[in-house]
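quick check, what structure comes out for this input:
(one chain, ligands or ions: 1)
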Amino acid sequence: CQTGEVAADPQLYDQSYLSPVTIGNSELMLDFDTGSADLWCFSTESPAAQSAGHGLYNPSTGTELDGAFWDITYGDQSAASGNVFADKVVVGGVTATKQAVEAATSVSYEFTEDVASDGLLGLAFSSINTILPQPQTTFFDTVRNSLAKAVFTVDLKKGAAGSYTFGYIDSSKYSGAITYVPVNTANGFWQFTADGYSAGGSDSSTGRGGVAIADTGTSLLYLPASVAKAYYSGIQGATFDFRQGGYTIPCSATPPDFNVAIGGKTFTVPGSYINYAPLRAGSSTCFGGIQADTGIGFSIFGDVFLKAVYAVFDDSGSSPRLGFAAQ
Ligand SMILES: Cc1ccc(-c2noc([C@H]3C[C@@H](O)CN3)n2)cc1F
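Below you'll find the model as predicted:
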């Protein structure tokens, strides 16, 4: 029965969190992403102009999956593609002896420029793995039956190292009870329903709840436009800036806390988390940590929310469920 824990190291402004993963005989820093289902990394097959500065997987230790290839596009339209090898992958001591490792032969500039990240480790459902002609399993699905309990947990923090655990829940990492809600896997995501929202101390919800996904690979919290609008209407100097592509606030603002009701329980995102980051170094205008989910089709509970809670991704029962507790 395997269990393991790995650090989640925050990048600048908590834009993403990176964790060490041993693949074959290289240790790479991967972005764990509960919103996708491919484990891919820069490799010795990647063009040098695209992979400069990145850790590389050398497929010589693996066994090529003949005829298999992959091609993924993320929410921000960044993309990567390549071929596939079966190789040993170790995360925090948990070992998958024959994990589908997707070696990149091409990546978009966003990944080239993100020099701290050597690739992604998808933790959504394997139904959305992009490998053709035969999709393969995520790391979690590969090791699931060997884990003490078929769960992984997410404990991200603002501006500090958090952790992911596999196979167990660590009661020292949260306070109070864990509130569980059912997950709808139809779209391949950890998808759930939020009950409602409110700002500051008010208990009047600023809008009905709705469908949402828990997505560690997304930096911000994307909510129904009416909820985002109501939230920023309470902040002096807040504005929707088309050129910046979202709500901005004065970096000197003290945004109100933001409350989310899930499973009948209220979880609070400290207002300071919503004063996300200066538009560019030295700017006195900051990008808001809450944005409208217009055009996405569902809300995205990204890192701005997840770093305020302890989250349990539980596939140990008859159907998957998500658990949330106060950190
Ligand atoms: C450069 C770069 C770009 C995007 C992403 C990225 N990773 O996860 C996600 C979200 C959105 C959805 O696609 C699934 N989860 N986005 C990571 C990067 F390092």
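
buried ones in the lengthiest helix in the chain, by neighbour count?
In the chain, with assignment by DSSP state H, the single longest helix is helix 225-232. Buried residues in helix 225-232, counting neighbours by 16 or more other CB atoms under 10 Å, are found at 227-232. All C-beta atoms are positioned from the backbone trio N, CA, C, and that covers glycine.

same check, this time on stretch 122-141
122-126, 128-131, 135-141.

wouldn't Gly122 be in contact with Asp33 here?
Yes: the pair Gly122 / Asp33 is scored as a contact, 5.4 Å apart, by CB atoms under 8 Å.

the helix or strand where Gly82 lies - contacts with which helices or strands?
Assigning secondary structure by DSSP states H and E places Gly82 in strand 79-91. Judged by 3 or more CB pairs under 8 Å, 6 or more residues apart in numbering; DSSP states H and E, strand 79-91 is in contact with strand 17-23, strand 39-41, strand 63-73, strand 94-107, helix 139-143.

how about the residues of this protein by the ligand?
Contact residues, the chain versus the ligand (CB under 6 Å from any ligand atom): 16, 31, 33, 35-36, 74-76, 78, 110-111, 114, 117, 120, 215, 217-218.

same thing but 5 Å
Residues of the chain lying near the ligand by CB under 5 Å from any ligand atom: 33, 35-36, 74-75, 78, 110-111, 114, 117, 215, 217-218.

in the stretch 101-250 of the chain, which residue sits nearest the ligand?
Gly217 (2.3 Å; CB to the nearest ligand atom).

show me what contacts that residue?
With contacts defined as CB atoms under 8 Å, 6 or more residues apart in numbering, Gly217 is in contact with 16, 31-36, 74, 120, 302.

of those residues - the most surrounded one?
Counting neighbours by other CB atoms under 10 Å, Thr34 comes out on top of these with 29 neighbours.

OK, contacts around that one?
So Thr34 contacts 123-124, 154, 189-190, 214-217, 313 (CB under 8 Å, 6+ apart).

make a markdown table out of those and add pLDDT and secondary structure.
Shown next, in a markdown table, are those (pLDDT from 0 to 100; DSSP: H, G, I helix; E, B strand; the rest coil):
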| residue | pLDDT | secondary structure |
| --- | --- | --- |
| Leu123 | 99 | coil |
| Ala124 | 99 | coil |
| Val154 | 99 | strand |
| Phe189 | 99 | coil |
| Trp190 | 99 | coil |
| Ala214 | 99 | strand |
| Asp215 | 98 | coil |
| Thr216 | 99 | coil |
| Gly217 | 98 | coil |
| Phe313 | 99 | strand |
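
and the two most separated of those residues?
Distances among these were taken as CB to CB; the most separated pair is Val154 and Phe189, at 14.2 Å.

about what we covered before: strands paired with the strand holding Gly82, and their directions?
The strands beside strand 79-91 in its sheet (DSSP bridges) come out as strand 17-23 (antiparallel), strand 63-73 (antiparallel), strand 94-107 (antiparallel).

to Gln236, which of the ones you listed lies closest?
From the strands paired with strand 79-91, taking CB to CB, the stretch that ends up closest is strand 17-23, at 31.5 Å.

so for the closest one, what gets flagged as buried?
Neighbour counts over strand 17-23 (16+ other CB under 10 Å) mark 17-21, 23 as buried.

got the contact list for that strand?
6-11, 27-32, 41, 57, 87-91, 99, 101, 116-117, 121, 156, 162, 164, 216, 303.

also stretch 313-326?
34, 123, 125, 140, 144, 149-154, 169, 174-183, 185, 190, 192, 214, 262-263, 265, 267-268, 309-312.

what's near enough to touch Tyr174?
If you count contacts by CB under 8 Å, 6+ apart, then Tyr174 has 155, 309-310, 325-327 around it.

pLDDT check: weakest of those residues?
Lowest pLDDT of the contacts of Tyr174: Gln327, 93.

just give the closest residue to that residue, not the sequence neighbours.
Distances taken as CB to CB, 6 or more residues apart in numbering place Tyr310 nearest to Gln327, at 5.3 Å, with adjacent residues excluded.

isn't the one you found right up against Thr179?
No: the pair Tyr310 / Thr179 is not scored as a contact, 10.8 Å apart, by CB under 8 Å.

the two: which is more packed in?
Applying other CB under 10 Å to Tyr310 and Thr179 shows that Tyr310 carries more neighbours, namely 23 against 19.

gap between that one and Asp71?
Plainly put, Tyr310 is 34 Å away from Asp71 if you go by CB to CB, to the nearest Å.

so what's the gap between the least confident helix or strand in the chain by mean pLDDT and the chain middle?
Lowest on mean pLDDT, DSSP states H and E among the helices and strands of the chain sits strand 207-214, with a mean of 88. Taking the mean of its C-alpha atoms, strand 207-214 sits 17 Å from the chain's own mean (CA atoms, centre = their mean, to the nearest Å).
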